[in-house]
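Visitor: have a look at this prediction, sequence included:
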Amino acid sequence: MSAIIQVKNLSKSYWRNSLEIPVLHDISLDVQEGEFLALMGPSGSGKTTLLNLIAGIDRPTNGEVTVAGTNIAKLGESALAKWRSSNVGFVFQFYNLIPVLTAFENVELPLLLTKLSKSERRKHVEATLNIVGLGDRMSHYPKQLSGGQEQRVAIARAIVTDPVILVADEPTGDLDRKAAEEILTLIDRLNKEFKKTVLVVTHDPHAAEKASRKLHLDKGDLV
Amino acid sequence: MKVFKLIFRNALRHKLRTSLTILGITIAIIAFGLLRTVVTIWDSTVDATMANRLVTRQSVSFIFPLPFSYKDKIETIDGVKNVSGAAWFQGVYKDKSNFFARVAVDDNYFEVYPELVLSKQDFENYKKQRNACVVGSQIAKQYNFKIGDQIVLDGDIFPGRWEFEVRGIYQPKNKNTDATQMLFHIDYLNERMIAETPARANQVMWYMVQIKDPNRSAQISNQIDALFKNSTAETKTETEKAFTQGFVSASGAIITAMNWMSFMIIGIILLVVANTMIMSARERTREYAVFKTLGFSALHLTGLILGESMLIACLGGGIGLFLTFPIVSGFEQAMPKGFFPFFFIEPITIVLAVTATLMVGFLSAIFPIQRALGTKIVDGFRFVG
């Protein structure tokens, strides 16, 4: 297996007025293709920041992040947006579905940026919603779904473009135990059955058990 | 799924708020249309004047008369084509609220005013009968005047009971030609004055002077006024436009205020729509972060926000413009009859209303777009609305 994600000497600081607040210090790590990596650590340890940097939704202060051969730290805003749309699938703790769109339309959203025809988009969306077990809920709006179902729609939206990596930030953090188990099983299935490289941020040891590798962060350092 | 569908659903996310905003724009556009109509109609009275007509009146004020004898003298000036005397009669037709211009005129008045179109037959009939009158088509319609009808006026400036017979109905040549006048023979008025008030006989209030070359208006005006210098009734001659502007300027402050108000209304509604859009964009900060995360560009987000703003503005503006026509018509009906010689929505008012609507839609979206694009994705996800 080759490293699909290479992080080299990555640092990130935030600035509050003139005060520098370091969040990550000189992080280096490799993630192999098809790996299921869990990033763990207490609140404020920098795990979400690391995930955001790898996913290209935040910029490093120093260092490099290379995903599938592209050093994303060097990409401009529009190039980075385009890169994200085809390479990264996101799953958030609070689902972040668009409330005025149905499950089908939410999943279709990333495909609107592709050149697929309407019928091709429909096929992709239906197939993806069937994978997450919501083939019968396509016309439902987010408020008509349970938390677990909403998160499954969010996962469908994340994988509908067949991205290189799937990143999930506390995907079970807002769910009850049963729904959380279903989501973890689904993510595990995406990793094992569909060979997706998965990065999950969690502080729940039970959630991390599904991962093939666990990394711990504390105060911005890998420990 | 089309982007327009998303714009439409976003606009209807808060139905009450959107409805109230649309209602606000609708009312603002109606008010704008009504105010602008009044302002433009006022201006149109000046535009309806002709460059080849001069008005000669007493230099002190147009309420003081000029003698009949001036007519022949003015006609001797080189460049003068026609001179027609006129006197403001006023009077009351049944009720004081029935207002329309009643003017005693020379027979050549229709030559000086070719935009008052009277058939040859009607004009011949009018000339034959001393107490004949000609009415504009608009008041003929309003009061159901027909040829042969009697009109009785209760005189105030010229006291007494005055009986007229309608012998002609003139049509306005242009849209802004006054079709609300009642014109009758100045000789009819003069005969009564000779008999009843000789001191007021053989007088007109003003002369309409038709000239051959409008470029010579200043020169001819000076020549006319020079003729009567140091007489008992010195004259002031000016172009019809300047004369009409003198009338209009008396109401100038009100018109200026109305003009400003019409644009202030647009300014206020701009703030209302901008407020709605700012609230909407603020509530959707996380959603915009999601769109950015999924790869949607700044152009996409701009389209979403601008589209929603334009949709709300255009709905309100469209309904407002649509309703402006019946409301302006109702306003005209509610005013005393003949208060405005003509009353219609000028094309420029429609153009301004459409422009204002588009401007409101566009300007209201600027700040929310700036905010949506300027917020980093990670900050967007952290945002708690």
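Guide: Ah, there it is. Since we're looking at a predicted model, the values are computed, not measured.
Visitor: can you pull the contacts of A:Pro142?
Guide: A:Pro142 is in contact with A:95, A:97-99, A:101, A:103, A:106, A:150, A:153, counting by C-beta atoms under 8 Å, 6 or more residues apart in numbering or on different chains. C-betas here are computed from N, CA, C, even on glycine.
Visitor: now do A:His216
Guide: A:40-41, A:222-223.
Visitor: next: A:Ala81.
Guide: When the contact criterion is C-beta under 8 Å, 6+ apart, the partners of A:Ala81 are B:292, B:295-297.
Visitor: so of those, which ones are in helices?
Guide: Among these, the members found in helices (DSSP state H) are B:Lys292.
Visitor: report the buried residues of stretch A:136-143.
Guide: Within stretch A:136-143, the residues that count as buried by 16 or more other C-beta atoms under 10 Å in any protein chain shown are A:137-138, A:140-142.
Visitor: and which of these is nearest chain B?
Guide: Lowest distance from chain B to the buried residues of stretch A:136-143 (C-beta to the nearest C-beta) belongs to A:Tyr141, with 10.1 Å.
Visitor: in ChimeraX, select just the buried ones from the contacts of A:Pro142.
Guide: Buried residues within those, by 16+ other C-beta under 10 Å, are selected in ChimeraX with:
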select /A:95,97,98,101,103,106,150,153
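Visitor: which single one of the contacts of A:Pro142 is nearest to chain B?
Guide: Chain B lies nearest to A:Ile98 out of these, by C-beta to the nearest C-beta, at 5.9 Å.
Visitor: and the pLDDT at the closest residue in space to B:Arg130 that isn't next to it in sequence?
Guide: Of all residues beyond its chain neighbours, the one nearest B:Arg130 is B:Tyr188 (5.2 Å), with distances taken as C-beta to C-beta, 6 or more residues apart in numbering or on different chains. The model reports B:Tyr188 with a pLDDT of 94.
Visitor: so which residues on chain A come close to chain B?
Guide: Residues of chain A lying close to chain B by C-beta under 8 Å from any C-beta of the partner chain are A:52, A:55, A:57-58, A:77-78, A:81-82, A:84-86, A:90, A:92, A:96, A:98-101, A:105, A:108-110, A:112-113, A:157.
Visitor: so of those, which ones are in strands?
Guide: Per DSSP state E, strands hold the following members of the residues of chain A next to chain B: A:Phe90.
Visitor: and B:Gln245, that's in a strand?
Guide: No: counting by DSSP: H, G, I helix; E, B strand; the rest coil, B:Gln245 is not found in a strand; it is helix.
Visitor: number of nearby residues for it?
Guide: 17 (other C-beta atoms under 10 Å in any protein chain shown).
Visitor: check the secondary structure at the closest residue to A:Glu108 other than its chain neighbours for me.
Guide: For A:Glu108, ignoring the flanking residues on the chain, the nearest one in space by C-beta to C-beta, 6+ apart is A:Val125 at 5.0 Å. Three-state call for A:Val125 (three-state DSSP): helix.
Visitor: hmm, back to that, let's see the ChimeraX selection covering just the buried ones among the residues of chain A next to chain B.
Guide: Entered in ChimeraX, the line below selects the buried ones among these, by 16+ other C-beta under 10 Å:
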select /A:52,55,57,58,81,84,85,90,92,96,98,100,101,105,108,109,110,112,113,157
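Visitor: where does A:Lys8 fall, secondary structure wise?
Guide: Assigned by DSSP states H and E, A:Lys8 belongs to strand A:3-16.
Visitor: check which helices and strands that strand sits against.
Guide: The contact analysis (3 or more C-beta pairs under 8 Å, 6 or more residues apart in numbering or on different chains; DSSP states H and E) places strand A:3-16 against strand A:19-32, helix A:47-55, strand A:62-67, strand A:197-201.
Visitor: ok, now with 6 Å
Guide: With contacts defined as 3 or more C-beta pairs under 6 Å, 6 or more residues apart in numbering or on different chains; DSSP states H and E, the packing partners of strand A:3-16 are strand A:19-32, strand A:62-67.
Visitor: same question for that strand, mean pLDDT?
Guide: Mean pLDDT, strand A:3-16: 91.
Visitor: just want the angle from it to strand A:62-67.
Guide: 140 degrees (axes from the mean of the first three to the mean of the last three C-alpha atoms, to 10 degrees).
Visitor: pull the residues that contact strand A:3-16.
Guide: Contacts with strand A:3-16, where a contact means C-beta atoms under 6 Å, 6 or more residues apart in numbering or on different chains, come from A:20-33, A:49, A:54, A:60-68, A:197.
Visitor: before we move on, what about stretch B:183-192?
Guide: With C-beta under 6 Å, 6+ apart as the test, stretch B:183-192 has contacts from B:85, B:103-106, B:130-131, B:133-134, B:164, B:201.
Visitor: what comes up buried for it?
Guide: Buried, per 16+ other C-beta under 10 Å, within stretch B:183-192: B:183-186, B:188-190, B:192.
Visitor: for stretch A:205-223, same thing?
Guide: Within stretch A:205-223, judged by 16+ other C-beta under 10 Å, the buried ones are A:207-208, A:210-211, A:215, A:217, A:220, A:222.
Visitor: quick check: of the contacts of A:His216, which lies closest to B:Ile25?
Guide: Relative to B:Ile25, the closest of those is A:Gly41; by C-beta to C-beta it sits at 52.0 Å.
Visitor: buried sites along stretch B:79-96?
Guide: Those would be B:80, B:82-89, B:91, B:93, for stretch B:79-96 by 16+ other C-beta under 10 Å.
Visitor: just how off-centre is stretch B:90-102 within its chain?
Guide: From the chain centre to the centre of stretch B:90-102 is a distance of 21 Å (C-alpha atoms, centre = their mean, to the nearest Å).
Visitor: check the offset of the worst-scoring helix or strand of chain A on mean pLDDT from the chain's centre.
Guide: Ranked by mean pLDDT, DSSP states H and E, the weakest helix or strand in chain A is helix A:205-208, scoring a mean of 85. From the chain centre to the centre of helix A:205-208 is a distance of 17 Å (C-alpha atoms, centre = their mean).
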